[in-house]
Structures are given as C-alpha cells and as structure tokens.
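**Q** Provided below are the primary sequence and the corresponding predicted coordinates.
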Amino acid sequence: MENATSADDWIVSRAGSISAADVVTDGHVAFTAVSVYAAWESNIGPGRGYADGTAHRILSDLSPLLGGRRMPHRVIVAGDWNVLRGYGENGDGYWKARYDTVFERAEALGLWFVGPQFPHGRQADPWPDELPSDSVCVPTFHHSRQTPATASRQLDFVFASTSIADRIEVSALNTPEAWGPSDHCRVVIEARQ
C-alpha cells in the first residue's frame with residue numbers, strides 16, 4: 001500500500017515483494033505464511049546488480065508481523081531472496097559479507113533459517129568453486145545455461161519464528177525428475193503441531 005490510512009494497513013516498500021496469509025487449523029491461526037521475492041536492482045554506473053537491498057526492505061516490511069520481544073509471533077517466511085548463503089566468494093569477501101547481513105538481520109528479528117539444506121535436497125554436482133566444501137546448501141535455481149541437473153545456486157530460503165522453528169521441516173525438490181517447469185525448484189514446508 002502506498003498510503004496507510006488506518007492501523008490495519010500494512011505498508012510494503014516494493015509492490016509484489018510480499019504476500020501473506022494466516023493458516024487456520026481447528027478455527028485458530030496456527031501461523032502466518034509469507035511469500036517473498038527480493039528483486040534484483042541495478043547499480044548506478046557500471047557493475048553487477050544486487051538483491052540484498054530488496055531483502056532488507058522485505059525484512060523491514062515484515063516488522064509489523066513480528067511484534068517485539070514480549071509479543072511472540074508465529075510466522076514462516078519463504079521465497080526467492082536472490083542472495084547466497086555461506087558462499088566463500090573467491091576474492092575479498094565483499095558479497096559474502098553483504099549477503100550474510102540478510103541472515104543476521106532475520107535472526108535479530110526472531111526469524112531463524114530453517115532450510116532447505118542437505119540432506120533435505122541434493123547438493124550441487126559439480127561443486128561450485130565459491131561454495132565451501134562443508135556447506136549444506138542445496139541448489140534451488142538454474143540459470144538459462146544450466147538445467148536442473150547442473151543447477152549450482154541456492155536462492156530460495158525459508159525462515160520461521162523462533163517459537164515454531166523447531167517444528168518446521170523444509171525440503172528442496174531439486175532432483176531433475178522432481179524439479180518442475182520453473183527455473184526455481186519446488187520447496188516443501190512441513191509444519192508439525
């Protein structure tokens with residue numbers, strides 16, 4: 001919404017970046033499910049694009065759902081964050097440090113990373129040079145010069161409130177047979193009561 005007119009309005013910085021719904025079980029809200037998309041943005045001048053700025057705006061926009069320390073929340077946030085997690089990034093580590101801030105900020109807001117990660121999805125083969133050998137990342141995206149079988153980057157992540165994170169299991173359906181028609185594989189989120 002561009003202009004909030006009441007306390008019930010939810011202001012979102014970028015149209016199309018967030019969609020949310022309450023999941024109701026036995027007449028009670030079990031949790032709020034949030035789908036996100038962190039769009040790529042362009043630098044001013046030459047250079048590569050980035051999505052961590054959009055990811056941080058999404059985290060800011062989620063703040064009304066997250067309450068505060070004395071107000072526990074039950075939220076699952078999932079989607080295409082267009083950032084990398086745990087990548088060593090050959091070179092000076094600039095992009096790794098920027099990407100890490102997204103995960104650190106989510107945690108500071110009470111959202112824990114819950115997957116997908118190995119063994120709940122296959123790992124990249126061949127192994128990407130910039131990915132540490134002990135990584136549990138699983139590819140969830142393939143670019144136009146790849147196929148599901150050669151996908152190497154994980155751009156899709158799921159976070160859950162600390163109050164429910166231990167009851168959430170996330171799997172990447174990232175085998176070539178299970179991938180589906182998109183450039184992103186399907187991700188299954190199971191919430192236990």
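**A** Noted; the coordinates are in hand.
**Q** Would you map the strands across the protein?
**A** Taking DSSP state E as the test, the strands found in the chain are 18-25, 28-37, 75-80, 111-115, 156-161, 168-173, 186-191.
**Q** Give the pairing partners of the fourth one; include direction for each.
**A** Using DSSP bridges, the strands paired with strand 111-115 are strand 156-161 (antiparallel).
**Q** For the strand it pairs with, give me every contacting residue.
**A** Outside strand 156-161, the residues that touch it by C-beta atoms under 8 Å, 6 or more residues apart in numbering are 31, 66, 72-81, 85, 106, 110-116, 140-141, 168, 170, 172, 184-185, 187, 189. Bear in mind the C-beta positions are built from the backbone N, C-alpha and C, glycine included.
**Q** returning to what we had before: highest mean neighbour count out of the strands of the chain?
**A** Of all the strands of the chain, strand 156-161 carries the top mean neighbour count, a mean of 25, counting by mean count of other C-beta atoms under 10 Å.
**Q** Run the angle between it and strand 28-37 for me.
**A** 150 degrees (axes from the mean of the first three to the mean of the last three C-alpha atoms, to 10 degrees).
**Q** From the chain's centroid, how far away is strand 156-161?
**A** In terms of C-alpha atoms, centre = their mean, to the nearest Å, the centre of strand 156-161 is set 5 Å apart from its chain centre.
**Q** Go ahead and confirm Asp22 touches Thr32.
**A** Yes - under the criterion of C-beta atoms under 8 Å, Asp22 makes contact with Thr32 at 5.4 Å.
**Q** CSV please, covering the strands of the chain and showing distance to Ala149.
**A** Formatted as CSV, the strands of the chain follow (distance: least, C-beta to C-beta, whole Å):
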stretch, distance to Ala149
strand 18-25, 31
strand 28-37, 25
strand 75-80, 20
strand 111-115, 21
strand 156-161, 18
strand 168-173, 14
strand 186-191, 16
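**Q** Need these in TSV (columns: distance to Lys96 and mean pLDDT).
**A** Below are these laid out as TSV (distance: least, C-beta to C-beta, whole Å; pLDDT from 0 to 100):
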stretch	distance to Lys96	mean pLDDT
strand 18-25	26	94
strand 28-37	21	95
strand 75-80	19	98
strand 111-115	15	97
strand 156-161	15	97
strand 168-173	21	98
strand 186-191	23	97
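**Q** which outside residues touch stretch 171-183?
**A** The contact list for stretch 171-183 (C-beta under 8 Å, 6+ apart) reads 115-116, 120-122, 138-144, 147-149, 151, 154, 156, 185-188, 190.
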